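>>> Could you work out the structure for the sequence below:
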Amino acid sequence: MALNADFKFLYVDVGASGCSSNGGIFLATALKEALEDNCAGLPDPEPLPGDDQSIPYYLIGDDAFALRTWMMKPFPHRNLSREVHFFNNRLSRVHRVVEKTFGIMARRFRYLLTTIQLCPKTVESVILASFCPLYLMGIRYPSKHTALLDEEDPESHLVTPWACRGGDPLAPWNS
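Predicted structure coming up:
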């Protein structure tokens with residue numbers, strides 16, 4: 001699955017065995033092949049807000065993924081400098097968008113929390129269909145997604161995680 005910072009799904013792949021690692025599953029996807037062949041259609045590099053230096057787009061992975069020119073992942077957690085620890089922390093915040101999205105989906109569609117008693121092809125269709133309402137809600141109600149993000153104090157740069165603010169993943173959608 002590829003998700004942008006606005007909680008919009010850009011790529012979804014279902015049907016892999018549940019006992020496989022995320023990195024192993026990704027190796028077999030069409031997205032990985034397209035990225036390797038430089039034909040995935042990533043947007044051209046552009047400046048971040050408040051900057052004038054263009055930055056390329058990246059996928060964010062965890063330790064299960066191999067480092068590539070189009071993939072960012074945390075540095076190993078050994079003898080980290082302050083700057084590297086800060087980088088890992090920021091990258092982790094980006095990765096939490098994905099985790100929160102899965103949490104929202106699981107709370108919204110409770111059948112994702114258990115074994116779905118259907119034939120595998122039907123299960124694939126059910127899971128793929130589950131992404132559509134969340135994607136459409138993100139387009140229709142973008143401010144409800146931003147309510148799920150961590151907050152950062154602009155002066156101290158201290159972060160208050162969304163969960164520590166007493167967040168309920170369904171609260172924005174129930175109002």
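
>>> D51 - that's part of a strand, no?
No - the assignment for D51 is coil, going by DSSP: H, G, I helix; E, B strand; the rest coil, so no strand is present there.

>>> Now do the contacts for it.
D51 sits next to no residue when contact means CB atoms under 8 Å, 6 or more residues apart in numbering. Quick note: C-beta positions are derived from backbone N, CA and C, even for glycine.

>>> same question, the one 5 residues further on
The contact partners of P56, by CB under 8 Å, 6+ apart, come to L42, P45, W70.

>>> does L10 sit in a helix, a strand or a coil?
Using three-state DSSP as the criterion, the local structure at L10 reads strand.

>>> Double-check it against A40; I have them as touching.
No - judged on CB atoms under 8 Å, L10 makes no contact with A40 at a distance of 9.7 Å.

>>> More neighbours: these two, which one.
Counting neighbours by other CB atoms under 10 Å for L10 and for A40 shows that A40 has the greater number, 18 against 14.

>>> if I read this right, that one contacts A34, doesn't it?
Yes - the pair formed by A40 and A34 meets the contact definition of CB under 8 Å, at 3.8 Å.

>>> measure L67 to P74 for me?
Taking CB to CB, to the nearest Å as the measure, L67 falls 10 Å from P74.

>>> Neighbour count for these two, which is higher?
Set L67 next to P74 and count neighbours by other CB under 10 Å: P74 wins out with 19 against 9.

>>> Next, that one: secondary structure please.
Going by three-state DSSP, the secondary structure assigned to P74 is coil.

>>> got a list of what it touches?
Under the criterion of CB under 8 Å, 6+ apart, the neighbours of P74 are D62, D63, F87, N88, L91, S92.

>>> can you pull the pLDDT of the last one?
Translated: S92. Per-residue pLDDT puts S92 at 86.

>>> what does the one 10 residues further on give?
The per-residue pLDDT reported for F102 equals 80.
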